[in-house]
Structure formats: structure tokens, C-alpha cells
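*Asks:* Got a sequence here, can you model it:
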Amino acid sequence: MTLYLKYRPIDFESLVGQDFIKNTLKEAIKKDKLIGAYLFCGPRGTGKTSTARIFAKAINCLDLINGNPCLKCKVCEGFLENSLVDIIEIDAASNTGVDNIREIIEKAVFSPTFCKYKVYIIDEVHMLSKGAFNALLKILEEPPKHLKFILATTEKHKIPETILSRCQIYDFKSINSIDLTNRLKFIAKNENILVDEKSLEFIVKQAKGGLRNAISLFEQLIVNDEIKYDTIINNYGIPTSDIISNFYTKIINNDNSVINDFDSISNDFNLQLFFKELLFYIKDILLENLNNKEVLDKNIFILETLSKAFYDSKNSFDEKTIFLIGLLKCIELKEVKKDINKETKIKEVEEKTINTIKPKEENLTDNDLFDIFGEEESQVEDKIEEKEVKNSSFDQEKLINEVKNLGGKGALTMSLRGSSFNFDFKKLTIFTKTKMSLKQISSNDNIALITSAMEKIGFLNINIEVK
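*Replies:* Numbers count the residues shown, from 1 in each chain. Now for the predicted structure:
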């Protein structure tokens, strides 16, 4: 028997995490305040099906102990032996059709044979067809007193509102690292397995809050009744902290030799695992420098860029190229750094320009589209030119085209073409030349449209200011 099945929770006390859900269900059982349908939703491996099994057993237990099944009565023993005909588990992924649900409904109306309640546990319920949901809805609207449904899903958004409204919903959260670590230590002690702290930390990180994932990986790593971090590094291509630290230092210092290091790393390590560790490392750097704006901005940019590369690589046939592109974007920050250092000077020029350049606008109306570029266009462009920040990654024309693709009206795109742009890392400033352009661009709808266009061309979380 695998360790996950061997150590699967059999009562609420052995259930890992989800304390709020455990306590709520136990109180409902003790006070006999039960309803006809429950929905357990959340990530994989967080205890949804295990909780459903425990709950079904508890509401039928003949000798409850503080809301927990006793594990000794005929019902509890029958459940452990899978001999109870009144508690039925169904995998909706294999029984998606309306006929499957109709068959359940036909049998459900009959009273339970042995237990107090007949319980149907339907796993992955979001896989049911539309017709199957409609059939299920009929019995959920007026369920017999002896019948309980426990539905489980990882994708609540796929379940019809009509079903959701007739269920008591419990949202399962990812299990925290402390609870996962303690559970693995408990298993290791019972199985006489030696495991070091670094190995446990690695397993918990890879589990992503799922106990099933953690126990499965734990079992997979056992060699001669022990788990060693050195073995994990050698077999799974896990980089050491020194390698991660040196790689990060080269990125933050715009050292082009990081590309050569990347070539070696792609041969020696699993790139997915390497960049996952790197992202964790950068996150820690961020948390340590919350009061240092320059360090914070640079690291946020690197984290966003590499996170996007990490996500894109999962759906790419060539993950190495995706990571390389992300890396190149990061070390191009040297241009951004120069821009940041010139920020004070740029602001002074902006203020001077805005105070001295005032296009004629006395007779402008909303219909004066011919004057969208302003009567003093040549004068303004001469003045603005000295303060524009050159940034190789920002393309004004590309932004305007994307605004047009997203449905931007002609007046907006013309206003943008007649304006000057200043992009300095996380902020886009648009300098208009007429009152009408300012009004056109600065409307809430158009700012939202420009923000979406910036995201489309690769700039996330950008602040936009119109002057």
C-alpha cells in the first residue's frame, strides 16, 4: 500500500489543515443541523474527498465522539471494509452523462439499507454534462430526508449557479508549509525513515500546498530508508543556494556573462526547477528590501519578467528559448537604470516645458479633430524632444496600434499620435498638446484601454499619467 493511502485521514482529528471546515462540520453533526447537499471545492490534494468520506461516516456513526466517528461501531468498520451499500462514491469524470445521474436518482429515493443516511459522494462534479446537472438539480431542489449529497470539485466556476445555490459551500485552502512538514515528519517517524530538513523543505515547496503531492514525492525519494538532500540534487537537477545566488547577482548587475552561465545551467539542471528556485530567491530579496525603492523596482521587474517566462515555458516546445528571452529582458535593465538615475533631471525639464509651452486652445471644440495635433505642434515637439527618455523596449507606434486593435476610437488614436510619450520603467506619461486631446485621453475608459494595450505589448502594472 502506498504511503498516501496508508496515512489517509480516517477522522477529523487526523485531517491535516482546514481547521475551520473541520470545526464547522463537527458542530453541525453534534447539533444535528444537516442539509441535503454540500460542495467541497479547492486545489488538488487538500483533503476534499477525505473530508467527504469522514463526514459521510460521521453522520452515520452509531457512537459519535465529540463530532468524530468512533471507528469501532458496525458502520465505521463497514466503511473501512468498503462493505457499506449506503455510502456510494462516484467519479463524475467517468459518469458524465444524464443517464448516469438518472440511475442515481432512481436508486436514491429508496431508504438506506443499514445506515441512517444514504450518502452520495460525487468527485470532480464539474465534469458532469449540462443534462446531468439538470437531472441532479431536480433531486437537490427537494431531497428526501434520508439522502445527502457531497460534491467535490477543483473547478467551482464550472458548476451552474442553480447547483451552487442549493449547496452549502466549503472552500478548501492550500495546506501551509508547517502542517505539511509536520505531517511528513510524522510519517517518517512511523516508517523509520531518516530525512534531513533541507529535503523536507524541498518536498514541501514542490507540493504546492497539496498533501497528496507531498507524500507521493516523499515516498518517491526514499532510498535505503532515508532521504538525503545530496541525492535529490544529483538525481533531480536541483541547484545549490550558491549557484542561485551567483546567477541572481549577475542578473542584477547586468552582467552579460550570465548568458554563458545559462547555457551551462540548461545542460546541468532541470530549467523548471532552477527558475522556480530563482523566483523564490528573488521573492526573499524583495521582502528584505521593502524600504529601498530602487532595489524594489528592479527586483519587481525581474520577478515579473521571469515569472512570465516560467509560465510561458510550460506551454512551449522550446522552454530554453523562452527562459533565454526572459533573461535577456532582465539584463537590458542597464538602460532603465540610466533612466532612473536621470529621473530628477527629466522632471525638471518636464515642469519647464509644461510651464512655457501652452498651445492655443481658445476656440477648440470637440469637433475640431483637424486641430488634434495643436497649432503649435512644431514648437512643442522642439521643446519636448530634449526631455524624452529613450527606451529600447517601449514602442509608441506599437502601443497606438494595440489601442486601435482593442477598439479604440479614431479620436483617441489621433490624440495619441499627436502627443509625446515619456516612459520611465513603471510609469508612462503622455504629454498632450491641446485641451481636447487631454480630455479625450484622460477619460477613465480610455485610460483603462491604454493600460490593457500596455499589458498586451508586455508592460504590466504600469501607472499612466496624462498632462
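
*Asks:* pLDDT value on the spatially closest residue to Arg212 that is not a sequence neighbour, please?
*Replies:* In space, and not counting its chain neighbours, Arg212 is closest to Gly45: 3.5 Å by Cβ to Cβ, 6 or more residues apart in numbering. Where C-beta positions appear, they are placed from N, C-alpha and C, glycine not excepted. You'll see Gly45 listed with a pLDDT of 89.

*Asks:* And what about Gly45, helix, strand or coil?
*Replies:* Under DSSP: H, G, I helix; E, B strand; the rest coil, Gly45 falls in the coil class.

*Asks:* show me the residues around it that make contact.
*Replies:* Shown in contact with Gly45 (Cβ atoms under 8 Å, 6 or more residues apart in numbering): Ala207, Gly209, Gly210, Leu211, Arg212, Asn213, Ala214.

*Asks:* now, which of those residues lie within helices?
*Replies:* Ala207, Leu211, Arg212, Asn213, Ala214 (DSSP state H).

*Asks:* Most neighbours of all these, which one?
*Replies:* The member of those that has the most neighbours, counting by other Cβ atoms under 10 Å, is Ala214 with 28 neighbours.

*Asks:* That one: what's it in contact with?
*Replies:* Taking Cβ under 8 Å, 6+ apart, we find Ala214 in contact with Gly45, Leu180, Arg183, Leu184, Ile203, Val204, Gln206, Ala207.

*Asks:* Columns distance to Ser257 on top of those, output as CSV?
*Replies:* Below are the contacts of Ala214 laid out as CSV (distance: Cβ to Cβ, whole Å):
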residue, distance to Ser257
Gly45, 41
Leu180, 38
Arg183, 43
Leu184, 39
Ile203, 33
Val204, 33
Gln206, 30
Ala207, 35
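
*Asks:* Identify the farthest-apart pair in these.
*Replies:* Pairwise distances across those peak at 14.8 Å for Arg183 and Gln206 (criterion: Cβ to Cβ).

*Asks:* Please state the offset of the helix or strand in which Asp445 is found from the chain centre?
*Replies:* When elements are assigned from DSSP states H and E, Asp445 belongs to helix 444-456. Chain-centre distance of helix 444-456: 23 Å, with Cα atoms, centre = their mean, to the nearest Å.

*Asks:* Equivalent analysis for stretch 53-61, please.
*Replies:* In terms of Cα atoms, centre = their mean, the centre of stretch 53-61 is set 33 Å apart from its chain centre.

*Asks:* re earlier: neighbour count winner among Arg183 and Gln206?
*Replies:* Arg183 (21 against 16).

*Asks:* The residue lying closest to the more buried one once chain neighbours are set aside: how many residues sit nearby?
*Replies:* Once flanking residues are discounted, Arg183 sits nearest to Val16: 5.1 Å by Cβ to Cβ, 6+ apart. With neighbours defined by other Cβ under 10 Å, the count for Val16 comes to 19.

*Asks:* Could you point out the longest helix of the protein?
*Replies:* Max-length helix for the chain by DSSP H is helix 293-313.

*Asks:* What residues sit buried inside whichever helix or strand comes after that one?
*Replies:* Downstream of helix 293-313, the next assigned helix or strand under DSSP H and E is helix 319-331. Buried residues in helix 319-331, counted by 16 or more other Cβ atoms under 10 Å: Glu319, Ile322, Phe323, Leu324, Gly326, Leu327, Lys329, Cys330, Ile331.

*Asks:* same check, this time on stretch 253-271
*Replies:* By 16+ other Cβ under 10 Å, the buried positions in stretch 253-271 come out as Asn254, Asp255, Val258, Asp261, Phe262, Ile265, Phe269, Leu271.
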